[in-house]
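Visitor: My questions are about this predicted structure, shown below with the sequence.
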Amino acid sequence: MNTIRTRFAPSPTGFVHIGSLRTALFAFLFARKNQGHIILRVEDTDQNRKVEGAVENLLKVMKTVGVEFDEGFFLNDAGLAEQKGEFGPYLQSQRLDLYHEHIAKLVEEKKAYYCFCSEQRLEDLRKEQTALKKPPMYDGHCRRLSQDEIDKQMAEFKAAGKNPVVRFAIPTSGQTIIEDLIYGKIVYENQLLDDQVLLKSDGFPTYHLAVVIDDHFMQISHVIRGEEWIPSTPKHILLYQAFGWEAPKFAHLPLTLNPDKSKLSKRQGDVAVEDFLAKGYLPEALINFVAFLGWNPKTEQEIFSLEELINQFDLNKINKSAPIFDVGKLDWMNSVYIKTKSDVELVELLKPYWEKAGVEINKFSNEFLQAVTALEKERLKKLSEIGERTGYYFAAPAVDPKLLVWKKSTSEDAKSKLNELAEFFENLPEEKFSRENLETEVKNFIAAKNYDNGSTLWPMRVALTGLEKSPGPFDAAAVLFIGYGKQEIVKRLKSAAASII
RNA sequence: GGCGCUAUCGUCUAAUGGUUAGGACAAGUGGUUUUCAUCCACUAAAUCGGGGUUCGAUUCCCCGUAGCGCUACCA
């Protein structure tokens, strides 16, 4: 049985960090590519950082971007997190007995020891070491305690209602070697490794103990996680050895960085996947972009569906250097995905954003909304822009009289052209108001009058849209016709003309 | 301070012991055009520094430098 089993193991601390999404995605792609399983385990050993509803939120986000799990936590019909799978529980706070049992074994075998040192002593020790420019490390004080001393201290702790922590007795010589699937061989000197706390005084394990025990019992074959874990990996390997277990394979992912090359963080813009989704980045675009952070197929293709990503994915194609999260490229990718949507699909995606912008979409026909959407499709970088771009379709715009005048023309000219156009449209039969007909008709009108395009079409466009930059006059007019009929066009042209004094 | 990782255009990256070092985003220029966007064409833009190995290194090795990570009873 060599089934590939990997896992995503977040702490339930609130929003979903874009870096977490990337880690989860890579683990997911790896599992799918290799007919393996991916497990979602929740690491809540830090009770202080726990956030209510974080697991549900995570599940929801993962679901919308299409990252699915085979085991562990799921969202049930009621929208609540539920566990499924034969290796549970998948919540670390429900596995305390398991950890205690194994810690007891380690202590008995002298591979771990109780540490009674106070926080004060630890702090003083650190200060002293830093002052002497020595690496701050536990000095092994309690490791050398005799059994009598241990018993005595233990009795005192119990009497005071306290628990000692348990530290790992790291070998004082030799080397521990990581054979990382991405970074290759990394060697650590054991004597430089700190005697890590494994069990905290609140009875909870630290990450290091819990991750090793859980990965072992959940039969994880590949640990895929962020590069920040490399320095603690030798401790994990040593723990596997202490338990007499075989360690899984490790694949550490390069970190994702801010534009200033610091670790991607909240203070420099959004890092929450929820926020990107809310702004109208499409899940497909987000996934495609995040997959390319540190990975690429070694071809010139850049647009990939989830399916294609699964087929192409390979841990060997992951870079070692840390990529910078560049929103500019995400914007481009999102606009590419927006253009691939049909007008019908896009209208549905856009509706919530129109509503947010105060548009009462129920009052407008789908035909009209689709026509608007078709025009904006090529201009949209994110869905949230739709409100500010399309206001003039839903209510007559306030037009700045100065804007109505083309750069090579005069206000008198603009005024008369607008009036002439209004009259022209008034007399134009309804069936001539399609996009194509409108263009030929208006161009014929211009030619007949011997006008030029600029001085006629510019004021017409501005009168209809109120904007310096917008879709063209024929496009705008055709859409307005669909929504309101030709009188709306005439009305806007007339009122624009009247605004010029 | 210690330990570790990394280093190709501004950004994401490709490639190779011998190439005009390729693509994409962004930028700029031009074309189309009533504006914007789209589209098309073009331009500019990189192998961190120093040593070695080699006929030849951007590629392999060493040193340096820089950046980042870790250095908690956080993960």
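Guide: Nice, thanks for sending it over. Residues are numbered from 1 along each chain as shown, chains lettered A, B, ... in the order given.

Visitor: any idea how far residue A:454 is from residue A:428?
Guide: Separation of residue A:454 from residue A:428 (CB to CB, to the nearest Å) stands at 22 Å. Just so you know, the C-beta spots here come from the backbone N, C-alpha and C atoms, and that holds for glycine as well.

Visitor: more neighbours, those two?
Guide: residue A:428 (18 against 12; other CB atoms under 10 Å).

Visitor: So what's the residue count around the nearest residue to residue A:90 once chain neighbours are set aside?
Guide: Excluding the flanking residues, the one nearest residue A:90 by CB to CB, 6 or more residues apart in numbering is residue A:72, at 4.1 Å. As a burial measure, residue A:72 scores 25 neighbours (other CB under 10 Å).

Visitor: Quick check: residue A:72 touching residue A:86?
Guide: No: with contact defined as CB atoms under 8 Å, residue A:72 and residue A:86 do not form a contacting pair (11.0 Å).

Visitor: which other residues reach the helix or strand containing residue A:448?
Guide: Applying DSSP states H and E as the criterion places residue A:448 in helix A:435-449. By CB atoms under 8 Å, 6 or more residues apart in numbering, the residues outside helix A:435-449 that reach it are A:420-421, A:424, A:428, A:431-432, A:452-453, A:456-457, A:460, A:473-475, A:477-478, A:481.

Visitor: what about that helix, near RNA strand B?
Guide: No: under the criterion of CB under 7 Å from any atom of the strand, helix A:435-449 makes no contact with RNA strand B; the nearest approach is 8.0 Å.

Visitor: how far out from the middle of the chain is that helix?
Guide: 49 Å (CA atoms, centre = their mean, to the nearest Å).

Visitor: Kindly report the same for stretch A:19-28.
Guide: 9 Å.

Visitor: For chain A, give me the ranges with low pLDDT.
Guide: For chain A, the stretches with pLDDT under 70 are A:1-2, A:259-269.

Visitor: what about the strands in it?
Guide: A:5-8, A:37-40, A:71-75, A:81-84, A:112-115, A:165-168, A:175-180, A:184-189, A:197-199, A:222-226, A:249-253 (DSSP state E).

Visitor: just how off-centre is the last one within its chain?
Guide: Translated: strand A:249-253. The answer for strand A:249-253 is 21 Å, by CA atoms, centre = their mean.

Visitor: what comes up buried for that strand?
Guide: Within strand A:249-253, the residues that count as buried by 16 or more other CB atoms under 10 Å are A:250, A:251, A:252, A:253.

Visitor: And the residues you listed, which is closest to RNA strand B?
Guide: Nearest to RNA strand B among the buried residues of strand A:249-253 is residue A:252, at 8.2 Å by CB to the nearest atom of the strand.

Visitor: before we move on, the earlier item: make a markdown table out of the buried residues of strand A:249-253 and add distance to residue A:183.
Guide: Putting these into a markdown table (distance: CB to CB, whole Å) gives the following:
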| residue | distance to residue A:183 |
| --- | --- |
| A:250 | 9 |
| A:251 | 9 |
| A:252 | 6 |
| A:253 | 10 |
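
Visitor: Please enumerate the helices of the stretch 351-500 of chain A.
Guide: A:366-376, A:386-394, A:411-427, A:435-449, A:453-465, A:473-484, A:486-499 (DSSP state H, counting those that start in this stretch).

Visitor: Pull the contacting residues for the residue positioned nearest the centre of chain A.
Guide: Centroid-nearest residue in chain A, with CA atoms, centre = their mean: residue A:273, separated by 3.0 Å. Listed by CB under 8 Å, 6+ apart, the contact partners of residue A:273 are A:15, A:16, A:17, A:18, A:20, A:21, A:61, A:65, A:286.

Visitor: And for the nearest residue to the fourth one once chain neighbours are set aside, the neighbour number?
Guide: In other words, residue A:18. Sequence neighbours aside, residue A:271 is the residue nearest to residue A:18 in space, at 5.0 Å (criterion: CB to CB, 6+ apart). Per other CB under 10 Å, the neighbour tally for residue A:271 reads 21.

Visitor: tally of neighbours for the residue lying closest to residue A:358 once chain neighbours are set aside?
Guide: For residue A:358, ignoring the flanking residues on the chain, the nearest one in space by CB to CB, 6+ apart is residue A:387 at 7.6 Å. Close neighbours of residue A:387, defined as other CB under 10 Å, add up to 17.

Visitor: how close does residue A:387 sit to residue A:115?
Guide: Residue A:387 is 59 Å from residue A:115, where distance means CB to CB.

Visitor: Tell me who's in contact with residue A:303.
Guide: Neighbour list for residue A:303: A:288, A:333, A:336, A:337 [criterion: CB under 8 Å, 6+ apart].

Visitor: What's the ChimeraX line that selects buried ones from those?
Guide: The ChimeraX command for the buried members of those (criterion: 16+ other CB under 10 Å) is given here:
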select /A:288,333,337
